[in-house]
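Asker: just a sequence and a predicted model for now, questions to come.
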Amino acid sequence: MTLMKSFLGAAATLALSAGMALAEPAIIFDLGGKFDKSFNEAAYNGAKKWADETGGSFKEIEMQSEAQREQALRRLAEAGSNPVVMTGFAFGSVLGEVAPDYPETDFVIIDMVVDQPNVTSVVFTEHEGSYLVGYMAAQTSKTNTVGFIGGMDIPLIRRFACGYAQGAKAANPDTTVIANMTGTTPAAWNDPVKGGELTKAQISQGADVVYAAAGGTGVGVLQAAADAGALSIGVDSNQNGMHPGKVLTSMMKRVDVAVYDAFTRGTEQPGGFSVLNLASNGVGYAMDENNADLVSDELQATVDAVADKIIAGEITVHDYMSDESCPALSF
Amino acid sequence: MEPMPKWADLVLVPVVGLVLAFIVSGLMIIATGHDPKEAVKLMVEGSVGSTYAWGFTLYYATNFIFTGLAVAVAFHAAMFNIGGEGQAALGGLGVALVCLFIPWPHWTLALLGATAAGAAFGALWATLPAWLQARRGSHIVITTIMFNFIAAALLNYVLVNVLRPAGAMDPATAKFPEATHLPALSDWLNAIGIPFAARTPANVTLFIALIACVLVYLLIWRTRLGFEIRSLGKSEPAAVYGGISPVKIIMISMMLSGGLAGLMAINNVMGEAERLVLNSVEGAGFIGIAVALMGRSHPIGILFAALLFGALYQGGAELGLWTQIPRELVIVIQALVILFTGALDQMIRMFVGKLFAMRRKAEV
């Protein structure tokens, strides 16, 4: 609410000039909500950074249900928003239908590839980032057991899990990786209670580092791990500060950069698809004052060396989505 | 209760309820620091201000006509069917199966098939609660609301594990084949020279909804079965004395009710999304209760109430789209309308009745 208030001045002028203001960018947040502390919030931060720097304004919509996606997209396109950025794979099929109807509008979709001339797709190599945090988890674990908690059970999240398991095994071949998914529907992105329960179950199985790749559900994972004295790993945004000293690191997926870039390019989107990877800083791990005591300089140097090897192609991290299988973990 | 003219009962009471709802909503918008006048303007323009807006309002209204009629038919038999949500979801499953697995040559035939399947699946979902009520006395309110949850879980399972195309991440069915796509309302209106915004979801299902209104009217007031349903609803002992079987009437009225709710799926699943997604009903089953209450369980009343709620729903969506008014507040506004026109209906009627009584006394 306080944030809403701070936008008020801008909102009042923005609200009704909406129909006329052309080429104003727009962003649609998927289920889980704008303030999920993770995926959508990263997107929001990117949009906000653009607005702060340029003094521009943007329109935003939070999805309330699965069935609204098409109306939201069409509405923004009809109103002349350009570009229209959306977060989440779930927009893929809807966008495939809507985009041809609005050839003059540029669409940007994150986490999914949609093959249309006016759609720019941005995907991330989450397996590479997850490999690094998996490596750190296994190096830090005293019980040789690390946990993974995914949101909705989809190939994209299995890609996170698979990269994480590969990293953990590479750091210490004896590591046991316990992986659980929160659910099979989009509700799994916003179920911190179940995330917390799964975390407790994994800790009771011996896990002392738990990685959450679950959007808003991760809030519960980090909380439960902190309560139980275990370490956790955040995702998408830098979540180290949520429980200082209790979050080992965060797997950064720079959705904020993707959104910021898309807004900056305005109506001159390149089209096609771009991959944000380790080399382009699209993914990585987060270091700040909150986790400085948890990660030794030595470990950091090792992980950076691993990252360099991945960038150089000396280490290949298997991508689950390339063949729907994982050498290091069975689902 | 004080007697009052019929027009006051049918028109004045709902209008007073609406006005009260809007006053309270306005106060809430002021409390959050926004301008209620702008909000109202946006809602009205967004719901009835252009043919584009009408395209959405009529689409939502079509949903609410079906669910409103569903609740109304059960009401006449004194059954409170709050399972419209689940019945419509199951109707969606029926429609999806028919559209996906039968190679229809033309949309008219597909529409017939989907109508039958949607109604059958919806009716089927109402059968068990109806039987439990009729035979075992398990209260229909409890069973139908529980069946909503079972329906949601069932659709979850089916969409995630059975109907999701291989490799897809979104729990939804594949797109229905081209031949099952229903013409949009704009296609027909533009063809006869009336300009209407394209790319809106209103489709030919609207006419099926209107036909359903007429049929429900004929059924309830012009047939023997309708008489039996109303008799049972007014007084069960009297109905039994008159040779009416409560078990039979409860079963039939609930199945009709479930079937009508299931028909909604030809609008939202076949007409709009053209595939079955999770949560496709979007609360229309529950709004149907408010629509039936406000429309006094009469098809004409339901038609107008459905239009009002369709406009509110669309206007609310516009509000969420173009202002920083939080989405929760939009839901609160819709809830207030339901509260004042549905739940507090009797209270308002009492007041209006007293006013008329006072006026009569003054005249005497």
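Answerer: Happy to help now that I have it.
Asker: in the stretch 251-364 of chain B, what residue lies closest to chain A?
Answerer: residue B:324 (3.8 Å; CB to the nearest CB). Using the backbone N, CA and C atoms, a C-beta is placed for each residue, glycine as well.
Asker: just say helix, strand or coil for that residue.
Answerer: Following DSSP: H, G, I helix; E, B strand; the rest coil, residue B:324 is assigned to coil.
Asker: and the pLDDT for it?
Answerer: Note for residue B:324: predicted pLDDT of 73.
Asker: equivalent analysis for residue A:2, please.
Answerer: pLDDT, read off for residue A:2, is 45.
Asker: helix or strand next in line after the helix or strand containing residue A:261, which one?
Answerer: Following DSSP states H and E, one finds residue A:261 within helix A:255-265. Once the chain leaves helix A:255-265, the next helix or strand it forms, by DSSP H and E, is strand A:272-276.
Asker: neighbouring contacts of that next one?
Answerer: A:113, A:120-125, A:254, A:257-258, A:282-283 (CB atoms under 8 Å, 6 or more residues apart in numbering or on different chains).
Asker: from the residues you listed, list the buried ones, please.
Answerer: A:120-125, A:254, A:257-258, A:282-283 (16 or more other CB atoms under 10 Å in any protein chain shown).
Asker: make TSV out of those and add distance to residue B:73, secondary structure and pLDDT.
Answerer: Output for the buried ones among the contacts of strand A:272-276, formatted as TSV (distance: CB to CB, whole Å; DSSP: H, G, I helix; E, B strand; the rest coil; pLDDT from 0 to 100):
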residue	distance to residue B:73	secondary structure	pLDDT
A:120	50	strand	95
A:121	48	strand	95
A:122	50	strand	94
A:123	50	strand	94
A:124	52	strand	95
A:125	56	coil	94
A:254	55	coil	94
A:257	56	helix	93
A:258	52	helix	94
A:282	57	coil	92
A:283	56	strand	94
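Asker: please identify which of the residues you listed is nearest to chain B.
Answerer: For these, the nearest to chain B is residue A:123 (12.6 Å; CB to the nearest CB).
Asker: contacting residues for that closest one?
Answerer: Per CB under 8 Å, 6+ apart, neighbours of residue A:123: A:110-113, A:273-276.
Asker: switch the cut-off to 6 Å
Answerer: residue A:275 (CB atoms under 6 Å, 6 or more residues apart in numbering or on different chains).
Asker: now do residue A:36
Answerer: With CB under 6 Å, 6+ apart, residue A:36 has these contacts: A:215-216.
Asker: quick one: the helix holding residue A:261 to strand A:272-276, angle?
Answerer: Taking axes from the mean of the first three to the mean of the last three CA atoms, to 10 degrees, one finds helix A:255-265 and strand A:272-276 inclined to each other by 140 degrees.
Asker: what's the spacing between helix A:255-265 and its chain's center?
Answerer: Centroid displacement of helix A:255-265 relative to its chain, using CA atoms, centre = their mean, to the nearest Å, is 14 Å.
Asker: pLDDT weak spots in chain A?
Answerer: Applying pLDDT under 70 to chain A flags residues A:1-22.
Asker: would you map the helices across it?
Answerer: Secondary structure of chain A (DSSP state H): helices located at A:2-6, A:8-17, A:39-54, A:69-78, A:92-98, A:126-140, A:155-171, A:192-204, A:218-227, A:255-265, A:297-312, A:320-323.
Asker: returning to what we had before: show me which of the contacts of strand A:272-276 is closest to residue B:102.
Answerer: The shortest approach to residue B:102 among those belongs to residue A:113, at 32.0 Å (CB to CB).
Asker: list the contacts of that closest one.
Answerer: Contacts of residue A:113 by CB under 6 Å, 6+ apart are A:121, A:273.
Asker: roughly how far apart are it and residue A:45?
Answerer: Taking CB to CB, to the nearest Å as the measure, residue A:113 falls 24 Å from residue A:45.
Asker: try residue A:112
Answerer: 21 Å.
Asker: residue 255: neighbour count?
Answerer: Picking chain A for this. Using other CB atoms under 10 Å in any protein chain shown, the number of residues around residue A:255 comes to 27.
Asker: I was thinking of chain B, sorry if that wasn't clear
Answerer: Count around residue B:255 with other CB under 10 Å applied: 22.
Asker: OK, now which residue of the stretch 201-331 of chain A is nearest to chain B?
Answerer: Per CB to the nearest CB, residue A:324 is where the stretch 201-331 of chain A lies closest to chain B, at 8.0 Å.
Asker: now that residue. Nearest residue, chain neighbours left out?
Answerer: residue A:155 (6.4 Å; CB to CB, 6 or more residues apart in numbering or on different chains).
Asker: identify the spatial nearest neighbour of residue B:253, chain neighbours not counted.
Answerer: Per CB to CB, 6+ apart, closest to residue B:253 is residue B:77, 3.8 Å.
Asker: residue B:246: how many residues sit nearby?
Answerer: Neighbours of residue B:246 using other CB under 10 Å come to 17.
Asker: so how far is chain A from it?
Answerer: As for residue B:246, its distance to chain A is 38 Å (criterion: CB to the nearest CB, to the nearest Å).
Asker: how close does that residue sit to residue B:307?
Answerer: 35 Å.
Asker: got the domain boundaries for the chain?
Answerer: Going with chain A. Residue ranges for the domains of chain A, per automatic domain parsing: A:2-125+A:256-276, A:126-252+A:284-323.
Asker: actually, chain B is the one I wanted.
Answerer: Split by automatic domain parsing, chain B gives B:1-32+B:329-364, B:35-323.
Asker: quick one, which of those is nearest to residue A:28?
Answerer: Between residue A:28 and the domains of chain B, the shortest separation by CB to CB is 10.1 Å, and it involves domain B:35-323.
Asker: next, residue B:348: phi, psi?
Answerer: Dihedral angles of residue B:348 (phi, psi; degrees, to the nearest 10) stand at phi -60, psi -40.
Asker: output the set of residues of chain B in proximity to chain A.
Answerer: Where chain B comes near chain A, counting by CB under 6 Å from any CB of the partner chain, the residues are B:38, B:156, B:160, B:169-171, B:277-280, B:282, B:321-324.
Asker: determine which two of those are furthest apart.
Answerer: Farthest pair in the residues of chain B next to chain A, by CB to CB: B:38 and B:160, 42.2 Å.
Asker: the more surrounded of residue A:112 and residue A:45?
Answerer: The neighbour count for residue A:112 versus residue A:45, taken as other CB under 10 Å, is higher for residue A:112 (23 against 17).
Asker: chain B versus that one, what's the distance?
Answerer: 8 Å.
Asker: report the contact partners of that residue.
Answerer: A:89, A:92.
Asker: ok, 8 Å please
Answerer: A:88-89, A:91-92, A:121, A:123, B:169.
Asker: so which of these is the closest to residue B:303?
Answerer: Using CB to CB as the measure, the one of these that approaches residue B:303 most closely is residue A:91, at 34.9 Å.
Asker: ok, back up a step: I'd like the buried ones among the contacts of strand A:272-276 as a markdown table, with distance to residue B:238 appended.
Answerer: Output for those, formatted as a markdown table (distance: CB to CB, whole Å):
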| residue | distance to residue B:238 |
| --- | --- |
| A:120 | 70 |
| A:121 | 67 |
| A:122 | 69 |
| A:123 | 69 |
| A:124 | 70 |
| A:125 | 74 |
| A:254 | 72 |
| A:257 | 73 |
| A:258 | 69 |
| A:282 | 74 |
| A:283 | 73 |
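Asker: quick one on the thing from earlier: hang on, isn't the residue nearest to residue B:253 packed against residue B:229?
Answerer: Yes - counting by CB atoms under 8 Å, residue B:77 touches residue B:229, with 4.7 Å between them.
Asker: returning to that earlier point: list the contacts of the helix holding residue A:261.
Answerer: A:25, A:27, A:39, A:42-43, A:45-47, A:49-50, A:54, A:56, A:58, A:83, A:85, A:87, A:108, A:110, A:120, A:122, A:124, A:236-237, A:269, A:276, A:281-282.
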